[in-house]
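In: predicted model and sequence below, questions to follow.
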Protein chains: 2
Amino acid sequence: MVDADDTEGGHPLHDAPVAPTDVGLIDGLVTTRAIRRYTDEHLPEQVLRDIFFAATRAPSGSNRQPFRFLVFRHGPRADAVKQLIARGARAIWDAKFTQDGYASGSGADAASPKARMAATMEHYVDSFAAAPVLVLPCLNRYRAPDPSEGSNVYPACQNLLLAARAYGYGGVMTMFHKEVEADLRALLDLPDATTIAATITLGRPAGGHGPVRRRPLGELVYEDEWGAAAGWAVDPPATAFTAAGPPTVAP
Amino acid sequence: MVDADDTEGGHPLHDAPVAPTDVGLIDGLVTTRAIRRYTDEHLPEQVLRDIFFAATRAPSGSNRQPFRFLVFRHGPRADAVKQLIARGARAIWDAKFTQDGYASGSGADAASPKARMAATMEHYVDSFAAAPVLVLPCLNRYRAPDPSEGSNVYPACQNLLLAARAYGYGGVMTMFHKEVEADLRALLDLPDATTIAATITLGRPAGGHGPVRRRPLGELVYEDEWGAAAGWAVDPPATAFTAAGPPTVAP
């Protein structure tokens, strides 16, 4: 048990409860979208506190809490980190644009979902360094790297995105740091056992939220046998569907 | 775009909207605990549908949706899977009990948090096969194994646990399948490219919810520099703290 007075005395937020909102839990879960266009509005510090408090309530194995969140807003160091990752974002998106054929097939029609996604990504990458908040969720490793170690950090990332939504903000999780990881680790002087798990940007959405599109539920939820849709795995009315994944390259 | 009528016609749940609940998003994020004791109540099929609908609205890279949920409730096949993983649970918990010294130090005092956690785990493992719902979240790999691939399945797992909480149920994510993974893969005839990401049990909590305990926020949220607590990372009033991780072995 930690004596809170030893670590946190004096700051006014210590007396401020986490602010409730009128977004319901189920509503938040089913309507939180990736938000890639932001106004230039800053997030108030109480909102940041509340969002990260909610994020860090996520579970981890044996409650070890090996997740850490490194936050960048403004100032020379934040700008340097944002600009470095913006270069990674540009490289990754340019490669993906070509590889996934965003300019071909239906991508040639500016009104197609494919072309609209490309325009959104182009704008996101172009203005990446101007995102109000950049977050690097990190993981303090205590075992050898393993695909399941993400169970100790990505639930907290999801809580972060959901909490942002609760307060009228939004964000998206990317892997843009991967392209510049060595430079980034050197700039941040990260401990060897700490790995960067994601790059998340947050801000006030410039546009509106909209429906989340997924495969039909029966393709995602099986019962008893691999590939056998659960009998009850039927989508509710007005569900919006999409095939999985990025556009395929036109033949 | 998929024509829903082709895949889902006729089932009454297709006409049932996802049920709202009175749990708020922020409240759900900050109060959802690991639930390891269940009544023997079954989950109604609409609740299952709503929980898994919410789970599958979680994001994934390029919206590929490589997550799949394999659900087991009752019947010979479900029982076989539950009993197999129960053996894994027993082996993993027994090893952890010894390794982490649950019987020594404060663990010798039955009223200590350490001894109470050991009792909860003992009961959980002992009655594992009787959990109302067992879920194996899986990941269809499309790249080589990598620690960050969990970003495509653990957000959906967290949505699952949060959605269960919204409807008055609860659960916990474990890695108990790892001990029996080869037998389990054979029993389920999983495709080679599919990996089991976790083992989750769900049910109606036998006890109540309670406060989530974490490290002080300033130990988890940094700004600008690694290890430098964000100025606004101060816990709200009445936060319950705990040191990280399992008990250390008494010297």
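Out: Received the coordinates, thanks.
In: excluding its backbone neighbours, what's nearest A:G207?
Out: With Cβ to Cβ, 6 or more residues apart in numbering or on different chains as the criterion, A:G207 has its nearest non-adjacent residue at 5.6 Å, and that residue is A:R37. Every residue, glycine included, has its C-beta placed from N, CA and C.
In: low-scoring pLDDT stretches of the stretch 1-150 of chain A, where are they?
Out: Scanning the stretch 1-150 of chain A for pLDDT under 70 picks out A:1-9.
In: taking it, what residue is nearest to chain B?
Out: A:G150 (1.9 Å; Cβ to the nearest Cβ).
In: surely A:R214 meets B:A58?
Out: No. A:R214 is beyond contact range of B:A58, at 9.3 Å (criterion: Cβ atoms under 8 Å).
In: run the chain-centre distance for the strand or helix carrying A:R49.
Out: Using DSSP states H and E, A:R49 falls within helix A:45-55. When C-alpha coordinates are averaged (Cα atoms, centre = their mean, to the nearest Å), helix A:45-55 and its chain have centres 15 Å apart.
In: over to stretch A:48-62?
Out: 14 Å.
In: list the buried ones in it?
Out: A:48-61 (16 or more other Cβ atoms under 10 Å in any protein chain shown).
In: for chain B, tell me which of these show up nearby.
Out: By Cβ under 8 Å from any Cβ of the partner chain, the members of the buried residues of stretch A:48-62 lying near chain B are A:48-50, A:52-59, A:61.
In: look at A:E179 and give its secondary structure.
Out: The three-state label given to A:E179 by DSSP: H, G, I helix; E, B strand; the rest coil is helix.
In: so what's it up against?
Out: A:E179 makes contact with A:87-89, A:91-92 under the criterion Cβ atoms under 8 Å, 6 or more residues apart in numbering or on different chains.
In: and the residues you listed, which of them are buried?
Out: Buried among those by 16+ other Cβ under 10 Å: A:87-89, A:92.
In: same list, those residues, but as JSON lines with secondary structure and distance to B:H42 please.
Out: Output for these, formatted as JSON lines (DSSP: H, G, I helix; E, B strand; the rest coil; distance: Cβ to Cβ, whole Å):
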{"residue": "A:R87", "secondary structure": "helix", "distance to B:H42": "53"}
{"residue": "A:G88", "secondary structure": "helix", "distance to B:H42": "48"}
{"residue": "A:A89", "secondary structure": "helix", "distance to B:H42": "47"}
{"residue": "A:I92", "secondary structure": "helix", "distance to B:H42": "46"}
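In: mind giving me the domain ranges of chain A?
Out: Using automatic domain parsing, the domains assigned to chain A come out as A:22-210, A:213-245.
In: relative to B:T31, which of the ones you listed is closest?
Out: Nearest to B:T31, of all the domains of chain A, is domain A:22-210, at 7.7 Å by Cβ to Cβ.
In: which residue ranges of the stretch 151-251 of chain A form helices?
Out: Here the stretch 151-251 of chain A has its helices, by DSSP state H, counting those that start in this stretch, at A:154-166, A:181-188.
In: most tightly packed of these?
Out: Per residue and on average, the most neighbours among the helices of the stretch 151-251 of chain A fall to helix A:154-166, with a mean of 27 (mean count of other Cβ atoms under 10 Å in any protein chain shown).
In: and the angle from that helix to helix A:45-55?
Out: Comparing the axes of helix A:154-166 and helix A:45-55 via axes from the mean of the first three to the mean of the last three Cα atoms, to 10 degrees yields an angle of 140 degrees.
In: is it true that A:M175 touches B:S151?
Out: Yes. Here A:M175 reaches B:S151: they are 7.4 Å apart, a contact under Cβ under 8 Å.
In: more crowded one of the two?
Out: B:S151 (23 against 18; other Cβ atoms under 10 Å in any protein chain shown).
In: quick check: closest non-adjacent residue to the residue of the stretch 1-150 of chain A closest to chain B.
Out: B:G150 (1.9 Å).
In: ok so, going back, now the domains of chain A as CSV including distance to B:G168?
Out: Putting these into CSV (distance: least, Cβ to Cβ, whole Å) gives the following:
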stretch, distance to B:G168
domain A:22-210, 12
domain A:213-245, 18
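In: of those domains, which approaches B:D100 most closely?
Out: domain A:22-210 (8.1 Å).
In: what ranges do the strands span in the stretch 151-251 of chain A?
Out: A:170-174, A:194-196, A:199-203, A:213-214, A:221-223, A:240-241 (DSSP state E, counting those that start in this stretch).
In: most tightly surrounded among those?
Out: strand A:199-203 (a mean of 25).
In: so A:R116 sits in a helix?
Out: Yes. A:R116: assigned to a helix according to three-state DSSP.
In: what sits closest to it if chain neighbours are left out?
Out: Distance criterion Cβ to Cβ, 6+ apart; nearest residue to A:R116, sequence neighbours excluded, is A:A110 at 7.8 Å.
In: so how many other residues sit close to A:D146?
Out: By other Cβ under 10 Å, neighbour count at A:D146 equals 14.
In: got a list of what the spatially most central residue of chain A touches?
Out: The residue lying closest to the centre of chain A (Cα atoms, centre = their mean) is A:M173, at 2.4 Å. Contact analysis of A:M173 by Cβ under 8 Å, 6+ apart lists A:34, A:157, A:161, A:198-200, B:59, B:151, B:155.
In: output these as a markdown table; include the columns distance to B:V125.
Out: Output for these, formatted as a markdown table (distance: Cβ to Cβ, whole Å):
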| residue | distance to B:V125 |
| --- | --- |
| A:A34 | 38 |
| A:C157 | 29 |
| A:L161 | 33 |
| A:A198 | 33 |
| A:T199 | 38 |
| A:I200 | 36 |
| B:P59 | 33 |
| B:S151 | 29 |
| B:P155 | 27 |
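In: between the residues you listed, which is nearest A:D79?
Out: A:T199 (15.4 Å).
In: who's in contact with A:A16?
Out: Contacts of A:A16 by Cβ under 8 Å, 6+ apart are A:46, A:49, B:236-237.
In: typed the wrong thing, it's A:T56
Out: Contacts of A:T56 (Cβ under 8 Å, 6+ apart): A:65, A:67, A:69, A:156, A:159, B:214-215, B:217, B:220-221.
In: determine which two of these are furthest apart.
Out: A:N159 and B:R215 (15.5 Å).
In: please name the bridge partners of the nearest residue in space to A:A34 that is not next to it in sequence.
Out: Distances taken as Cβ to Cβ, 6+ apart place A:V172 nearest to A:A34, at 4.0 Å, with adjacent residues excluded. In this entry, A:V172 is beta-bridged to A:T201, by DSSP bridges.
In: A:V172 touches A:T201, doesn't it?
Out: Yes. Using Cβ under 8 Å, A:V172 is in contact with A:T201, at 6.3 Å.
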